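Task: produce atomic coordinates for the following.
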Amino acid sequence: MCANCPRLMARILIISTSQPGANPRMKKEADALSATGHDVHVLYSFRTTWASKADRLIFDTCTWTHELIGGNPATRPCAYHFSRFLRKWDQWRGDKERAACRGFRSFQSAIQSHSPDLVIGHNTGTLPLLSWAKVSLDIPVLFDAEDYHSGEFEEGSPEQRQCQFLEDKNLPVIGAISAASPLIGDAYHTRFPSLEVGIVNNAFPTSLQPNFHKDLPLPLKLVWFSQVIGLDRGLQQFFQLLESLQGIRIDITLIGSSNPKTINELRDCLRHPEHQLKVLPPTPESELSLVLAQHHIGLTLESTKTLNRRLCRTNKLFMYPLTGCLMLVSSTPGQDDFLDEHPETGISLSQWDEIEAIIRHWSEDLADLNEKREKAWLRAKNKLNWEMESQAHVERINSMLNR
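Have a look, this model is predicted:
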């Protein structure tokens, strides 16, 4: 059998300490592997209430099976609270690996009973489970590094030290990762030279791509989305710079989980009466793409405070072009690297004072903006999509199974 030929109906287990509805990358991976004929089963944990609605929509149509580990505070409260107790117990007695994953023992039991041919883990809490599965079950395992995880926190903080401990102990045993950006892959390979690294960008399937809205009228419509609307993503600074844009109406939409205090602080930064702010709750992907398609410009404003933010390629870089939004992209190494590859998708804001001139030009020459939006939309249709990304990933999984 050739290295990249599929091993039909291999039992592939995907494990995560989060939910499919809060982890689009995990859901896309399960879809792609299931579509090639593999028997895919997902073990996941409850993380947040808003993702449960998205979970139900996913489960209605998915072609893979799934299992909740560690209960749910609404539907399985006893299991949920018991798993929290065990996690606190592990933390108290200094077992850093079990304490990193609520429901650790239940995950172990479920992995063993499923008898997988290969296990893929998402989020750092699954690192000890992956190394355990590789040693105990003698099967190939893969860690999906959607972020440079030990770089998500301030250097020297307890969270950073805990994450680095998990990586240092387990990644050499696991031996293989898929990274969500080339710079994340490089950073892990520098620390662990024997690590096999593959790059899987956070792209989205073309089935989510709406028809291109070529003649979106004024006012200019800007949009930003994330799971959580926070004050550490460059929004305040951007809003304050818009204040000098006199005589231009701008409608801004923020999409994500939020609280009144955060939104009030953001509204205080958006003082010009012609600039309107609308806030929407977290939205399933299929609905999100339709909402984004009604906007001219997508904001990809990243902080450079942590190493991960400097290295990452967020899913915004792929979702905005797919829906016909031209991007305004703050300058970070990871995002500059992306725009070097795909310059038609947006403009890098290497200098914040460029924003006023750019937005004023587009408000006066809407035809130019819509032409650029269409080029970004076509780039996503032809290249920046999950069909392109998943092909290489599936081939790599098949190669691991056939060793």
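
neighbouring contacts of stretch 148-158?
Applying Cβ atoms under 8 Å, 6 or more residues apart in numbering, the external contacts of stretch 148-158 come out as 124, 159-160, 163-164, 167, 184, 187-188, 305-308, 310-312. For the C-beta atoms, the positions are set from N, CA and C on the backbone; glycine is no exception.

Of those, which one scores lowest on pLDDT?
On pLDDT alone, Lys305 ranks lowest of the contacts of stretch 148-158, at 83.

Now for that residue: which residues touch it?
Taking Cβ under 8 Å, 6+ apart as the definition, contacts of Lys305 comprise 154, 232.

about what we covered before: by neighbour count, sort out the buried ones in the contacts of stretch 148-158.
Listed as buried from the contacts of stretch 148-158 are 124, 160, 163-164, 167, 184, 187-188, 306-308, 310-312; burial here means 16 or more other Cβ atoms under 10 Å.

In helices, which of the residues you listed appear?
Of the buried ones among the contacts of stretch 148-158, the ones assigned to helices by DSSP state H are 160, 163-164, 167, 184, 187-188, 307-308, 310-311.

which one of those residues is nearest Ser34?
Ile184 (25.7 Å; Cβ to Cβ).

Strands of this protein, residue ranges please.
All strands of the chain, identified by DSSP state E, fall at 11-16, 39-45, 65-69, 118-122, 141-145, 176-179, 196-199, 220-228, 250-257, 275-280, 297-300, 326-330, 346-349.

what's the burial count for the closest residue to Gly346 other than its chain neighbours?
Here the nearest residue to Gly346 in space, its sequence neighbours aside, is Met327; by Cβ to Cβ, 6 or more residues apart in numbering that works out to 2.9 Å. Around Met327 sit 25 other residues, with neighbours defined as other Cβ atoms under 10 Å.

So what sits opposite Met327 in the bridge?
Judged by DSSP bridges, the bridge partners of Met327 are Gly298, Gly346.

Just confirm it contacts Leu349, I think it does.
No - using Cβ atoms under 8 Å, Met327 and Leu349 do not qualify as a contacting pair, with a distance of 9.8 Å.

quick one: stretch 239-249 to chain centroid distance?
The chain centre lies 31 Å from the centre of stretch 239-249; the measure is Cα atoms, centre = their mean, to the nearest Å.

Can you give me the end-to-end span of it?
13 Å (Cα to Cα, to the nearest Å).

List of residues touching it?
Counting by Cβ under 8 Å, 6+ apart, stretch 239-249 makes contact with 218-220, 250, 252, 266, 269-272, 274-276, 352-353, 355-356, 359-360, 363, all of which sit outside it.

quick one: low-confidence ranges for the chain?
Scanning the chain with the threshold set as pLDDT under 70 gives 1-8, 351-353.

per-domain residue ranges of it.
11-203+386-401, 206-382 (automatic domain parsing).

And Ala367, how far from Leu218?
Distance of Ala367 to Leu218, given as Cβ to Cβ, to the nearest Å: 12 Å.

neighbour-wise, which of those two wins?
For Ala367 versus Leu218, neighbours defined as other Cβ under 10 Å are more numerous around Leu218 (15 against 10).

Just to check, the more buried one is in contact with Leu366?
Yes - taking contacts as Cβ under 8 Å, Leu218 lies within contact range of Leu366: 6.3 Å.

Overlap of the contact sets of the two?
Common contact partners of Leu218 and Leu366 (Cβ under 8 Å, 6+ apart): none.

For stretch 41-61, give me every contacting residue.
In this structure, residues lying in contact with stretch 41-61 by Cβ under 8 Å, 6+ apart are 11-22, 26-27, 30, 64-74, 80, 101-103, 107, 110-111, 114, 116, 257, 281-282, 284, 286.

Phi, psi for His213 please.
When read as degrees, to the nearest 10, the backbone of His213 gives phi -90, psi 90.

so what's it up against?
Listed by Cβ under 8 Å, 6+ apart, the contact set of His213 reads 293-294, 324.
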